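Peer 1: Build me a model:
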Amino acid sequence: MAAGGAARAALLLLLGAAAAPGPARGSQGDREPLYRECLGRCERQNCSGAALRHFRARQPLYMGLTGWTCRDDCKYECMWLTVRLYVQGGHRVPQFHGKEPASAFASFLNGLASFVMLLRYKAAVPPASPMYPTCVAFAWVSLNAWFWSTVFHTRDTAVTEKLDYFCASAVILHSVYLCCVRTLGLQRPALISIFRAFLLLFLACHISYLTLVRFDYGYNMAANAAIGLLNLAWWLRWCLRNRPRLPHVWKCAAVVLLLQALALLELLDFPPLFWVLDAHALWHIGTIPLNVLFYSFLMDDSLYLLKANSDLFKVD
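Peer 2: Residues are numbered from 1 along each chain as shown. The predicted structure follows:
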């Protein structure tokens, strides 16, 4: 299967798994007794009969188009009521599911940066470059992930949450695949087919477990962190070995190191700055320039490989 075909197969797998029912658990704030009591009371008072018809009549069009329901409205109001009471009492504010405008906007900017850099890559690098199909496939897998990240942080549902998590895992695995193709596959193409099949099987098992057995946030984070560390070590080893003859590899090394540093933000938990910028939003904001830098590395490296192949052909 070609790189583009593998990407399409993985996307179909992601979409099918996201639509399947599966156990999940909410954020800590969603389980707070104060919040649950407020939510139940709000739904009883506002989400049936004449009150529901009144809600729908006064609901702005854009909210209706996004599928915003009376229950969603109650969840939003009760979240802020709970936050105010916890702050007034001097208690630690729990984390809630819901809209995250800063993360949504940062995800959109990451997707936009990826799309712009994909266009620049395709304009600068001829398809004859050995890494061209793999880099383009990586770009589309990344764009798909940023799209669903934007959707999820705008509209938090069971399906959008799964798509956000699963597509993020697909990007991490494709980055490992990209590293394998660049460091080993150009000399051993048969190895790539085996490695691609292994990664697709791993992704299928990962998604199946989270979908059919248990939607385990801790396992998902641990699995992605382990793959991320493998990716870091693999890329860094290759960059260090090739630094003398490939000056542009500093871009790749900087990206993988800074990505791991930014990932530490995911372990932090603090009340959002201005009730908008939480650790997760700062992580997404930090990845925007790293996206640009990594695509810049891919362009430089692809052009280097094209020139090296051309010089080899001339010698032959």
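Peer 1: Quick check: residue 173 vs residue 280, distance?
Peer 2: 21 Å (C-beta to C-beta, to the nearest Å). C-beta: built from backbone N, CA, C; applies to glycine.
Peer 1: longest helix of the chain?
Peer 2: Identified as the longest helix of the chain according to DSSP state H is helix 279-315.
Peer 1: Does anything pack onto that one? Which helices or strands?
Peer 2: helix 101-124, helix 132-154, helix 249-263 (3 or more C-beta pairs under 8 Å, 6 or more residues apart in numbering; DSSP states H and E).
Peer 1: go again using 10 Å as the cut-off
Peer 2: Counting contacts by 3 or more C-beta pairs under 10 Å, 6 or more residues apart in numbering; DSSP states H and E, helix 279-315 packs against helix 101-124, helix 132-154, helix 158-180, helix 249-263.
Peer 1: pLDDT (mean, whole number) over the shortest one?
Peer 2: The one in question is helix 249-263. Averaged across helix 249-263, pLDDT comes to 91.
Peer 1: What are the buried residues along it?
Peer 2: The neighbour-count check on helix 249-263 (16 or more other C-beta atoms under 10 Å) flags 249, 251, 252, 253, 255, 256, 259, 262, 263 as buried.
Peer 1: ok, now which ones touch the last one?
Peer 2: The reference is to residue 263. Residue 263 sits next to 221, 224, 225, 228, 229, 232, 283, 286, 287 when contact means C-beta atoms under 10 Å, 6 or more residues apart in numbering.
Peer 1: Pull out the buried members of those.
Peer 2: By neighbour count, with 16+ other C-beta under 10 Å, the contacts of residue 263 hold 224, 228, 232, 283, 286, 287 as buried.
Peer 1: Low-confidence regions, the stretch 201-316 of the chain specifically.
Peer 2: 266-276, 310-316 (pLDDT under 70).
Peer 1: now do 90
Peer 2: 213-218, 220-222, 224-225, 228, 244-245, 259-284, 307-316 (pLDDT under 90).
Peer 1: Identify the residues contacting residue 304.
Peer 2: 129, 131, 245, 246, 247, 248, 249.
Peer 1: would you list the buried residues of helix 249-263 in JSON lines and tack on distance to residue 116?
Peer 2: Listed next are the buried residues of helix 249-263 as JSON lines, based on distance: C-beta to C-beta, whole Å:
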{"residue": "249", "distance to residue 116": "23"}
{"residue": "251", "distance to residue 116": "17"}
{"residue": "252", "distance to residue 116": "19"}
{"residue": "253", "distance to residue 116": "23"}
{"residue": "255", "distance to residue 116": "17"}
{"residue": "256", "distance to residue 116": "22"}
{"residue": "259", "distance to residue 116": "20"}
{"residue": "262", "distance to residue 116": "21"}
{"residue": "263", "distance to residue 116": "24"}
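Peer 1: isn't residue 142 right up against residue 290?
Peer 2: No. In this structure, residue 142 is not within contact of residue 290 by C-beta atoms under 10 Å, at 11.6 Å.
Peer 1: Neighbour count for these two, which is higher?
Peer 2: residue 142 (26 against 19; other C-beta atoms under 10 Å).
Peer 1: so what's the more buried one up against?
Peer 2: For residue 142, the contacting residues are 110-111, 113-115, 117-118, 167-168, 170-171, 174-175, 291, 294-295, by C-beta under 10 Å, 6+ apart.
Peer 1: Kindly recompute the last result at 7 Å.
Peer 2: The neighbours of residue 142, taking C-beta atoms under 7 Å, 6 or more residues apart in numbering as the test, are 114, 171.
Peer 1: so how far is residue 171 from it?
Peer 2: Taking C-beta to C-beta, one finds residue 142 at 5 Å from residue 171.
Peer 1: likewise residue 149?
Peer 2: As judged by C-beta to C-beta, residue 149 and residue 171 stand 10 Å apart.
Peer 1: before we move on, what about residue 87?
Peer 2: In terms of C-beta to C-beta, residue 87 sits 36 Å off from residue 171.
Peer 1: Between these two, which has more neighbouring residues?
Peer 2: Set residue 87 next to residue 171 and count neighbours by other C-beta under 10 Å: residue 171 wins out with 17 against 12.
Peer 1: quick one on the thing from earlier: please type out the PyMOL selection for whichever of the contacts of residue 304 turn out to be buried.
Peer 2: Buried members of the contacts of residue 304 can be picked out in PyMOL with the line below, counting by 16+ other C-beta under 10 Å:
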select buried, resi 129+131+246+248+249
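Peer 1: In a markdown table: the contacts of residue 304, plus distance to residue 40.
Peer 2: Formatted as a markdown table, those follow (distance: C-beta to C-beta, whole Å):
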| residue | distance to residue 40 |
| --- | --- |
| 129 | 60 |
| 131 | 56 |
| 245 | 66 |
| 246 | 61 |
| 247 | 63 |
| 248 | 58 |
| 249 | 57 |
